[in-house]
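Output the structure for:
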Amino acid sequence: MTPQANTEARRPATVAQMVRARAEDDNVGLIFGDRTWTWREVVTEAAVRAAWLRASLDPNRPKHVGVLLPNVPEYVFQMFGAALAGACIVGVNATRRGAELAHDIEHTSCQFVIADATYGNLVQHPVRVEDRPWARYEGAALPDVDPLASTLMCLLLTSGSTAAPKAAMRSQGRIAAGAGIGFGARDTLYCPMPLSHGNALSAALFPALAGGSRLLLRDRFSATAWLDDVRRHGVTFTNTVGRALGYVLATPPTPGDHDHRLKVVLAPEASPRDMAEFHDRFGVTVLSGYGSSEGGIVLVPSRKPGSLGTAPPGADVAVVDASGAECETAKFYPGGRLCNSERAIGELVRRNADGSFEGYWNNPDAESERLRGGWFWSGDLAYRDSDDVFWFAGRVGDWLRVDSENFAASPVERIVGRYEPAAAVAVVGVPDPLAGDQVLAAMELSPGYAFDPDDFAEFLSAQPDLGTKWAPRFVRLTEALPVLGNGKIDKRPLRREAWLCDDPVWWRPPGAHAYTPLTGTERDSLRELFDSHHRMGAYPSLDH
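This next block holds a predicted model:
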């Protein structure tokens with residue numbers, strides 16, 4: 001048997017086995033505020049929660065438990081306790097409210113929801129952390145038998161960027177198989193991202209458990225506290241998502257920006273400019289990477305800034321068109337502009353899904369849409385370059401058609417994102433009065449900048465990779481782009497509102513080079529133009 005085979009044979013097959021493997025580990029395993037727990041102490045707490053869950057859950061119903069907590073130690077104890085008890089944790093999204101939150105809980109068949117004073121008022125009759133109903137099980141031993149690898153461990157609610165959130169299923173075996181990513185006892189993994197999302201679980205919590213590393217929890221992400229946390233605790237790795245890097249970069253530079261042990265930051269969906277500036281300021285390698293909430297596709301981070309990464313060995317990942325035919329390899333003009341976008345951009349799929357996607361809870365229609373013909377269809381647009389590196393091109397449906405040319409939004413976002421005054425950018429298609437779409441760029445400005453329309457127009461003219469139809473017709477200046485609970489930008493309200501918003505909007509009238517403010521009179525003229533071309537059905541509406 002080869003050394004690799006020996007390693008595979010010793011690797012725990014379930015999360016429960018991973019927890020059990022730390023039962024006699026006296027190294028520090030969990031840090032929160034000024035408190036620390038050894039791994040032995042963490043497992044002891046998990047055993048108490050496991051005994052309580054086994055006694056409290058109705059065995060005739062799905063053993064699902066909602067957790068509505070910030071990133072606090074109790075979240076970790078409940079997660080590992082559920083693993084030992086064979087229960088399933090549903091990470092409830094704390095940014096949801098009212099009927100939507102109630103729907104999430106009901107849809108995922110939670111028997112009860114565990115909450116503390118932070119979010120307890122959002123749900124009826126929560127199990128209060130402050131009451132400690134598991135206290136009478138103090139001293140409980142580890143269960144005699146571990147759950148099977150097929151036992152459901154987590155339901156991950158997708159972000160809901162295109163529809164109501166779906167609950168992706170993750171089994172104990174699937175989580176355990178992906179947890180060993182090379183960390184050890186000398187590493188400290190910093191987890192400021194919500195444990196209700198797959199990013200924090202797959203990049204921090206379960207890898208720390210697998211490697212016996214220290215897990216540093218922060219109840220919520222704080223850009224101002226980020227560097228202090230990293231330096232104080234000797235952090236070697238941290239994960240972010242969305243715009244977190246930009247928030248850190250917005251803090252004032254300090255003489256100690258290079259004084260730390262941090263080696264790598266995993267930052268999916270960070271802009272290439274933020275990644276480069278972060279490396280220059282902190283001397284840290286930043287990787288983007290890609291991993292779907294459903295687990296169907298996970299890519300290996302590439303050294304090319306802003307890319308999704310490459311397919312791991314054995315994973316048949318491709319970019320295909322609607323018929324399933326593989327798209328062309330991306331080709332570029334000398335200036336870097338994609339010259340075959342209509343033939344190179346398609347949906348990112350995995351053609352040998354092989355159980356990588358375990359389905360959605362109680363949603364067969366969504367499941368059949370995601371898994372078709374044995375392939376996992378990600379719902380993300382991408383293209384692949386000649387080095388087999390994949391690049392994000394938007395969501396399915398995130399195409400624009402301007403003057404009969406089709407192109408994706410994400411390459412335009414990358415270009416506009418280079419504009420120095422821009423702190424964040426989102427590009428969407430909005431209706432054109434005659435036919436098709438026009439480009440709207442919603443932009444947050446960095447502190448100290450005002451929008452200079454002439455400077456922005458000159459910037460666009462100087463970009464060699466900006467397609468002839470890609471320049472924004474509309475520029476919406478907003479104090480804060482709308483975001484989902486996981487920090488990703490939510491484009492739905494931007495498409496819906498278009499230029500019908502309270503934010504300042506600048507535009508280029510047809511045939512003009514300069515940007516001018518879009519006035520109420522011009523909005524009325526646009527509406528009349530839609531009406532005269534019998535296109536009022538496409539006119540933006542705030543009623544949906």
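
ok, then the element right after the helix or strand of the chain with the lowest mean pLDDT?
The weakest-scoring helix or strand in the chain, judged by mean pLDDT, DSSP states H and E, is helix 3-10 (a mean of 46). Scanning the chain past helix 3-10 towards its C-terminal end, the next helix or strand to appear is helix 15-20 (assignment: DSSP states H and E).

Kindly check the end-to-end length of stretch 229-243 for me.
This stretch, stretch 229-243, spans 19 Å end to end (C-alpha to C-alpha, to the nearest Å).

Also stretch 332-352?
End residues of stretch 332-352 are separated by 29 Å (C-alpha to C-alpha).

ok, now stretch 338-348?
For stretch 338-348, the first-to-last residue distance is 18 Å (C-alpha to C-alpha).

Could I get the contacting residues of the residue nearest to Arg220 when sequence neighbours are not counted?
The shortest distance from Arg220 to any non-neighbouring residue, by C-beta to C-beta, 6 or more residues apart in numbering, is to Pro70 (5.7 Å). The C-beta positions use only the backbone N, C-alpha and C, and glycine is treated the same way. Applying C-beta atoms under 8 Å, 6 or more residues apart in numbering, we find Pro70 in contact with Ala94, Asp116, Thr118, Tyr119, Pro194, Asp219, Arg220.

Report the distance from the helix or strand hosting Ala168 to the chain centre.
Assigned by DSSP H and E, Ala168 belongs to strand 167-171. Taking C-alpha atoms, centre = their mean, to the nearest Å, one finds strand 167-171 lying 16 Å from the centre of the chain it belongs to.

can you tell me the average pLDDT over it?
When pLDDT is averaged along strand 167-171, the result is 96.

Extract the C-alpha trace of the helix or strand following that strand and format it as PDB.
Following strand 167-171 in sequence order, the next helix or strand is helix 172-177 (DSSP H and E). Listed next in PDB are the C-alpha coordinates belonging to helix 172-177 (Å, rounded to 0.1, in the frame of the first residue of the first chain):
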ATOM      1  CA  GLN A 172     -21.100  13.900   6.800                       C
ATOM      2  CA  GLY A 173     -19.100  11.900   4.300                       C
ATOM      3  CA  ARG A 174     -19.000  14.600   1.700                       C
ATOM      4  CA  ILE A 175     -17.900  17.200   4.200                       C
ATOM      5  CA  ALA A 176     -15.200  15.000   5.700                       C
ATOM      6  CA  ALA A 177     -13.900  14.200   2.200                       C
END
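
And helix 172-177, what does it pack against?
Judged by 3 or more C-beta pairs under 8 Å, 6 or more residues apart in numbering; DSSP states H and E, helix 172-177 is in contact with helix 15-20, strand 152-157, helix 206-211.

got the angle between the second one and strand 167-171?
Following axes from the mean of the first three to the mean of the last three C-alpha atoms, to 10 degrees, one obtains 160 degrees for the angle between strand 152-157 and strand 167-171.

Neighbouring strands - and their directions - for strand 152-157?
Strand 152-157 has the following sheet partners, assigned by DSSP bridges: strand 88-91 (parallel), strand 167-171 (antiparallel).

Please, a PyMOL command that selects the buried ones among the contacts of Pro70?
The buried residues among these can be selected in PyMOL (16 or more other C-beta atoms under 10 Å) with this line:
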select buried, resi 94+116+119+194
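
Max pairwise distance over the contacts of Pro70: which two?
Asp116 and Pro194 (14.5 Å; C-beta to C-beta).

Pull out the buried positions in stretch 221-231.
The neighbour-count check on stretch 221-231 (16+ other C-beta under 10 Å) flags Phe221, Trp226, Leu227, Asp229, Val230, Arg231 as buried.

Equivalent analysis for stretch 124-140, please.
Of the residues in stretch 124-140, Pro126, Val127, Val129, Trp134, Tyr137, Ala140 count as buried by neighbour count, 16+ other C-beta under 10 Å.

Reformat the residues you listed as CSV; add distance to Pro255 and secondary structure.
Compiled in CSV, the buried residues of stretch 124-140 are given as follows (distance: C-beta to C-beta, whole Å; DSSP: H, G, I helix; E, B strand; the rest coil):
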residue, distance to Pro255, secondary structure
Pro126, 46, coil
Val127, 47, strand
Val129, 40, helix
Trp134, 46, coil
Tyr137, 50, helix
Ala140, 50, coil
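
of all the helices and strands packed on helix 172-177, which lies closest to Ala441?
Nearest of these to Ala441, taken as C-beta to C-beta: strand 152-157 at 29.7 Å.

Let me know the average pLDDT across that closest one.
Per-residue pLDDT values across strand 152-157 average out to 96.

Break the protein down into its domains, please.
For the chain, whose domains are defined here by automatic domain parsing, the residue ranges read 9-184, 290-395, 399-538.

Minimum distance to Phe206: which of those has it?
Using C-beta to C-beta as the criterion, the shortest distance between Phe206 and those is 4.0 Å, found for domain 9-184.

picking up where we left off before, nearest to Lys63 among the buried residues of stretch 124-140?
Minimum separation from Lys63 among the buried residues of stretch 124-140 (C-beta to C-beta) is found for Val127, which lies at 14.4 Å.

Cheers, nothing more for now.
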